[in-house]
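In: return atomic coordinates for the entry below.
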Amino acid sequence: MTCKANPIAVPAMEEGGLIRDYILANLTSRDDRLRIDALARKFLKSPSSLKKIFKANFDLPVHEFIVRKRMQLAQQFLRQKELSISDIASITGYQELSNFSRDFKTYFGYSPREFKKKAPFLSYFSGSTTHLTVISGRKASSSPWRKDHFDKF
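Out: A predicted model of the protein is given here:
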């Protein structure tokens, strides 16, 4: 009689949390670890099922979550003013300064340089609802964003 090992089923909620934790732990990596195909291989999923699990748990596409977290980190570094913008781009996982600057301006409405100059005068949140641009792949659209939306991250 042969014994077949039964794989242990991990609930999608736990999988989503594991994926999120891995992304957060590797947020500053400049390699391809956070590409959808690499994440799918890491978690033994197809790219489409990984995207579905993540979106079901966090109401955001994986790519958008990564960009948001990188932009929040960049914002913190820009407020400190000790680092150059190119250093901040590198620290937040961007290989190209132009990509970082484009994403930052799309997300916050200011270039990193403008933000750095205005940082003392800007609050993290200008009320309970702020209009930020949501980045989804290469296409950007305006979307209301609430501070409490990140409580589950």
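In: which helix is the longest one in the protein?
Out: helix 62-80 (DSSP state H).
In: now the element after that helix, going C-ward?
Out: Using DSSP states H and E, the next helix or strand after helix 62-80 towards the C-terminus is helix 85-91.
In: so what touches that following helix?
Out: 28, 30, 73-74, 77-78, 83, 96-97, 99-101, 112-113, 116 (C-beta atoms under 8 Å, 6 or more residues apart in numbering). All C-beta spots, glycine's among them, are computed from the backbone N, C-alpha and C.
In: in the helix or strand just after it, what counts as buried?
Out: Downstream of helix 85-91, the first helix or strand assigned by DSSP H and E is helix 97-108. The neighbour-count check on helix 97-108 (16 or more other C-beta atoms under 10 Å) flags Leu97, Phe100, Ser101, Asp103, Phe104, Lys105, Tyr107, Phe108 as buried.
In: nearest to Pro47, of these?
Out: Distances from Pro47 to the buried residues of helix 97-108, taken as C-beta to C-beta, are shortest for Asp103 (21.4 Å).
In: so who does the closest one touch?
Out: Here Asp103 is in contact with Val67, Arg70, Met71, Tyr94, Ile135 (C-beta under 8 Å, 6+ apart).
In: circling back to that earlier point, could you find the lowest-pLDDT member of the contacts of helix 85-91?
Out: Among these, Arg30 has the lowest pLDDT, at 82.
In: so Thr92 versus Pro47, what's the distance?
Out: For Thr92, the distance to Pro47 equals 24 Å [C-beta to C-beta, to the nearest Å].
In: who has more neighbours out of these two?
Out: Thr92 (23 against 15; other C-beta atoms under 10 Å).
In: distance-wise, check the more buried one relative to Lys52.
Out: Thr92 is 27 Å from Lys52, by C-beta to C-beta.
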